[in-house]
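> after the sequence you'll find the predicted model.
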Amino acid sequence: MDFDDVLLEVGEFGRYQQLLLIFFLLPPQLSGSFHGFVQMFIVAVPGDYWCRVPQADLFNNSSPHSLDLPLELVDGKAEHSKCSTFAGQFSNISTNLADQRQLNRNVTIPCSDGWNYDRSEYETSIAMDWDLVCDHSFLPTLSVFIHTIGTLLGTVISGYLTDQIGRKMTFYIAAMIQLTAGAFALWN
């Protein structure tokens, strides 16, 4: 007897199989793909960021063009530095930023007060909230790498569990872990 003949006898893709697919297989697959792809947006680093100058915040004037930031050559084009600023102190508060900051243009220092970000592309991300730029710019890539390693290990472990306890139980365990982790990540 051929497999196609067995399917005709048992029944093809009917209502029961459709319900199994919709209620048991589809939700974990959707959440799994969400976990895999959402990282690209969560750890996104905006295209433009610059050293935060706290005194400039008093004047609502913290764009990189209004601040006196060092210039760097990037791809043959002069751009403001994203990771350093000139050494110097602000003097008495006045209405003009250029008048109040006494800069040493020969000495640059790393950003010490955090960064301001261009929020036109991303309103927020973990990279912006936790300042994962400059010296910490490798951390978003590391988190994606660790997720990939976890996926690899999960595949190997679930293959072993499938042999030991069966496909259904392994699927239910994996689905529950994924849904619980997703809910935990959502509310924390």
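That came in fine, so what should we check first?

> what's the weakest-modelled helix or strand in the protein?
helix 97-100 (a mean of 48; mean pLDDT, DSSP states H and E).

> what does the helix or strand encompassing residue 174 contact?
In the assignment (DSSP states H and E), residue 174 maps to helix 167-186. Here helix 167-186 makes contact (Cβ atoms under 8 Å, 6 or more residues apart in numbering) with 27-28, 31-32, 34-35, 154, 158, 161-162. The C-beta positions use only the backbone N, C-alpha and C, and glycine is treated the same way.

> Throw these into CSV and include neighbour count, thanks.
Formatted as CSV, the contacts of helix 167-186 follow (neighbours: other Cβ atoms under 10 Å):
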residue, neighbour count
27, 13
28, 18
31, 16
32, 16
34, 12
35, 16
154, 13
158, 16
161, 16
162, 15
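
> closest to residue 130 out of the residues you listed?
residue 35 (19.8 Å; Cβ to Cβ).

> which strand or helix spans that closest one?
Element membership for residue 35 (DSSP H and E) is helix 26-42.

> that helix: how far from the chain's middle?
Put simply, helix 26-42 sits 13 Å off its chain's centre (Cα atoms, centre = their mean, to the nearest Å).

> I'd like the distance from the helix or strand harbouring residue 139 to the chain centre, please.
Secondary structure from DSSP H and E places residue 139 in helix 138-165. Distance, stretch centre to chain centre, for helix 138-165: 18 Å (Cα atoms, centre = their mean).
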